[in-house]
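Colleague: what shape does this take:
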Amino acid sequence: MLQIQDVVVSFDVLKEKFLCDLHACKGACCIEGDAGAPVELEEVEKLEEALPLIWNELSSEARNVIDKQGVVYVDQEGDLVTSIVNGKDCVFTCYDEKGCCYCAIEKAFREGKTDFIKPVSCHLYPIRVKDFGSFKGVNYNRWNVCKAAVLLGEKENMPVYKFLKEPLIRKFGKEWYDELEIAVEELKKQELLY
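Modeller: Below is the predicted model:
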């Protein structure tokens with residue numbers, strides 16, 4: 001483990017390789033699992049603000065779920081998560097003509113329609129952040145649906161923390177990320193990493 005400010009980072013985040021391969025997985029992380037994506041309380045308003053911009057992109061099933069329970073719900077573990085359709089698909093998931101899923105919110109962001117890209121937990125995946133009160137834990141979440149991303153990451157020698165530079169800066173700030181990079185270089189020099 002490595003501590004940067006009040007954030008404890010698992011060595012797996014620094015050592016393991018990962019590079020999303022959307023062509024191989026077709027966006028399975030948005031449609032698999034037993035709950036929606038974790039959402040921070042302040043993100044609920046952003047999700048609701050984006051809703052009119054993406055409403056027509058969403059499936060009728062997703063719109064029905066949103067009409068009944070809203071954009072988020074509290075899951076079995078007591079976490080606030082995005083609402084899901086049929087026990088799996090995130091309500092913001094859409095599909096292209098090739099059957100590849102994408103996030104309707106991220107699409108609206110890329111088209112310049114909103115300044116909110118998507119929940120930070122989605123942006124950070126496969127990293128998961130847990131708040132322990134006095135510190136936050138940052139861990140790498142292994143999931144078999146991301147096997148192609150691991151293989152591509154190994155091929156391209158892309159560590160998880162470098163692949164997720166932008167969302168890590170979004171979550172913890174540029175100064176924090178710069179400190180992380182310095183610490184990683186020191187660990188490499190001391191041969192404590194890799």
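
Colleague: burial measure for Phe109, as a count.
Modeller: 18 (other CB atoms under 10 Å). Backbone N, C-alpha and C define where each C-beta goes, glycine included.

Colleague: mind checking the SS state of it?
Modeller: Under DSSP: H, G, I helix; E, B strand; the rest coil, Phe109 falls in the helix class.

Colleague: wait, it touches His123, no?
Modeller: No - the criterion here is CB atoms under 8 Å, and Phe109 misses it with His123 at 10.3 Å.

Colleague: common neighbours of these two, please.
Modeller: Shared contacts of Phe109 and His123, defined by CB atoms under 8 Å, 6 or more residues apart in numbering, comprise Ile117.

Colleague: centroid residue for this structure?
Modeller: Cys122 (2.2 Å; CA atoms, centre = their mean).

Colleague: quick one, phi/psi of it?
Modeller: phi -70, psi -40 (degrees, to the nearest 10).

Colleague: just Val138 next, same as before
Modeller: Backbone torsions for Val138, taken as degrees, to the nearest 10, come to phi -120, psi 120.

Colleague: who does it bridge with?
Modeller: Note on Val138: beta-bridge partners by DSSP bridges are Val9, Val129.

Colleague: what's the burial count for it?
Modeller: For Val138, using other CB under 10 Å, the count is 27.

Colleague: ok, it - contacts?
Modeller: Shown in contact with Val138 (CB under 8 Å, 6+ apart): 7-10, 13, 127-129.

Colleague: what does Leu152 give?
Modeller: Contacts of Leu152 by CB under 8 Å, 6+ apart are 19-21, 24, 158.

Colleague: can I get the CA coordinates of the longest helix anywhere in the chain in PDB?
Modeller: Of all the segments of type helix in the chain, defined by DSSP state H, the longest one is helix 174-189. This file holds the C-alpha atoms of helix 174-189, laid out as PDB (Å, rounded to 0.1, in the frame of the first residue of the first chain):
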ATOM      1  CA  LYS A 174      -3.800  17.200 -10.000                       C
ATOM      2  CA  GLU A 175      -1.500  17.800  -7.000                       C
ATOM      3  CA  TRP A 176      -2.500  14.400  -5.600                       C
ATOM      4  CA  TYR A 177      -1.900  12.700  -9.000                       C
ATOM      5  CA  ASP A 178       1.500  14.400  -9.300                       C
ATOM      6  CA  GLU A 179       2.500  13.100  -5.900                       C
ATOM      7  CA  LEU A 180       1.400   9.600  -6.900                       C
ATOM      8  CA  GLU A 181       3.600   9.700 -10.000                       C
ATOM      9  CA  ILE A 182       6.600  10.800  -7.900                       C
ATOM     10  CA  ALA A 183       6.000   8.100  -5.300                       C
ATOM     11  CA  VAL A 184       5.700   5.400  -8.100                       C
ATOM     12  CA  GLU A 185       9.000   6.500  -9.600                       C
ATOM     13  CA  GLU A 186      10.700   6.300  -6.100                       C
ATOM     14  CA  LEU A 187       9.200   2.800  -5.600                       C
ATOM     15  CA  LYS A 188      10.600   1.700  -9.000                       C
ATOM     16  CA  LYS A 189      14.100   3.100  -8.100                       C
END
